Structure formats: C-alpha cells, structure tokens
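Colleague: I would like the atomic coordinates for the input below:
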Amino acid sequence: MELSSLVGGSSEVIGPEATLEHAAQTIIKAGIGSLAVVDGRTLAGIITERDIVRAVAEGADLGAAVVKDWMTESPDTVGPEVEAEDAATWMLEMGYRHLPVMENDELLGVVSIRDLLWALTSGG
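Modeller: Modelled structure (predicted):
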C-alpha cells in the first residue's frame with residue numbers, strides 16, 4: 001500500500017507564531033499526535049505531542065511560548081509513492097512517529113506510525 005492511500009484531503013496545520021497552548025488544543029481536538037507547521041504555503045516544521053511535553057518539562061509558558069521555538073525544523077519528508085512497509089521501516093530506524101508526505105512541494109498529509117501499523121496489519 002502506498003502512502004497516497006493513507007493521506008489526502010486536508011491536514012491539520014498550524015503557523016510558526018502560534019502558541020504551544022493553541023497547538024496542544026488543536027492536537028487534542030483533532031485527536032492526532034502532531035501538526036504540520038506551515039509558513040505561508042511552505043512546510044516549515046512539525047510539532048508533536050512530545051515537543052509540547054518537553055516544553056512543559058522545561059518550564060515553558062504554554063500561553064506565551066511559540067511553536068517555532070519547539071518544533072522540528074525542515075523535517076524529513078517522503079513522497080506519496082513510498083510503500084507503507086518502507087516508510088514504517090525507515091521511521092523505526094530514524095525514531096520518527098510522524099512523517100510528512102509531500103508532492104511537488106505540497107503537503108498531502110502527515111502519516112503516523114499508528115497509520116502505518118493499521119495499514120500493515122489490515123492487509124491494505
């Protein structure tokens with residue numbers, strides 16, 4: 001199964017100047033583990049639950065701290081033609097839990113390790 005089968009439609013995104021509080025609220029409301037950080041139409045980074053937990057542990061004021069200071073900048077990305085099994089293997093090797101899927105500089109979505117586990121175990 002190609003990643004194109006797992007992403008598409010709309011992705012949850014946030015701007016780099018948004019507060020961590022807003023990011024956390026968006027993540028909880030959407031029931032996801034990460035947000036793509038976009039600056040205009042460009043993927044600038046990714047912010048995850050773990051990044052927010054790290055900020056809390058380091059004493060950040062979630063109402064004042066901004067996403068750009070806690071996100072992973074310029075994250076690795078893959079194309080939609082990548083097979084789910086290959087993406088899962090690479091994510092495990094790299095320690096990633098979320099991976100943006102891009103085509104022609106356009107964000108198609110963010111695939112999670114959970115998405116890949118579902119795809120690989122459902123016979124997709």
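
Colleague: which residue ranges form the strands in this structure?
Modeller: Taking DSSP state E as the test, the strands found in the chain are 13-14, 34-39, 42-48, 72-73, 98-103, 106-112.

Colleague: mind checking how far the nearest residue to Leu43 once chain neighbours are set aside is from Ala36?
Modeller: Spatial nearest neighbour of Leu43, excluding adjacent residues (C-beta to C-beta, 6 or more residues apart in numbering): Leu107 at 5.4 Å. C-betas here are computed from N, CA, C, even on glycine. Using C-beta to C-beta, to the nearest Å, Leu107 is found at 6 Å from Ala36.

Colleague: Between the two, which contacts overlap?
Modeller: 11, 13, 43, 100 (C-beta atoms under 8 Å, 6 or more residues apart in numbering).

Colleague: about what we covered before: ok, Leu107 and Ala36, which is more surrounded?
Modeller: Ala36 (23 against 19; other C-beta atoms under 10 Å).

Colleague: Next one, pLDDT for the closest residue in space to that one that isn't next to it in sequence please.
Modeller: Using C-beta to C-beta, 6+ apart and skipping the chain neighbours, the partner closest in space to Ala36 is Val13 (4.7 Å). Here the pLDDT value assigned to Val13 is 96.

Colleague: Same check on Val110?
Modeller: 95.

Colleague: quick one: contacts for it?
Modeller: 7, 11-12, 32, 34-36, 46, 98-101.

Colleague: Just checking, which of these comes out lowest on pLDDT?
Modeller: For the contacts of Val110, the pLDDT minimum is Ser11, 84.

Colleague: Report the beta-bridge partners for the closest residue to it other than its chain neighbours.
Modeller: The shortest distance from Ser11 to any non-neighbouring residue, by C-beta to C-beta, 6+ apart, is to Gly109 (4.8 Å). Beta bridges link Gly109 to Val101, judged by DSSP bridges.

Colleague: Gly109 against Val101, yeah?
Modeller: Yes - Gly109 lies in contact with Val101 (C-beta atoms under 8 Å); the separation is 5.3 Å.

Colleague: And these two? Which one has more around it.
Modeller: Val101 (25 against 21).

Colleague: before we move on, the earlier item: what about the residue nearest to Leu43, distance to Val101?
Modeller: Distance from Leu107 to Val101, by C-beta to C-beta: 8 Å.
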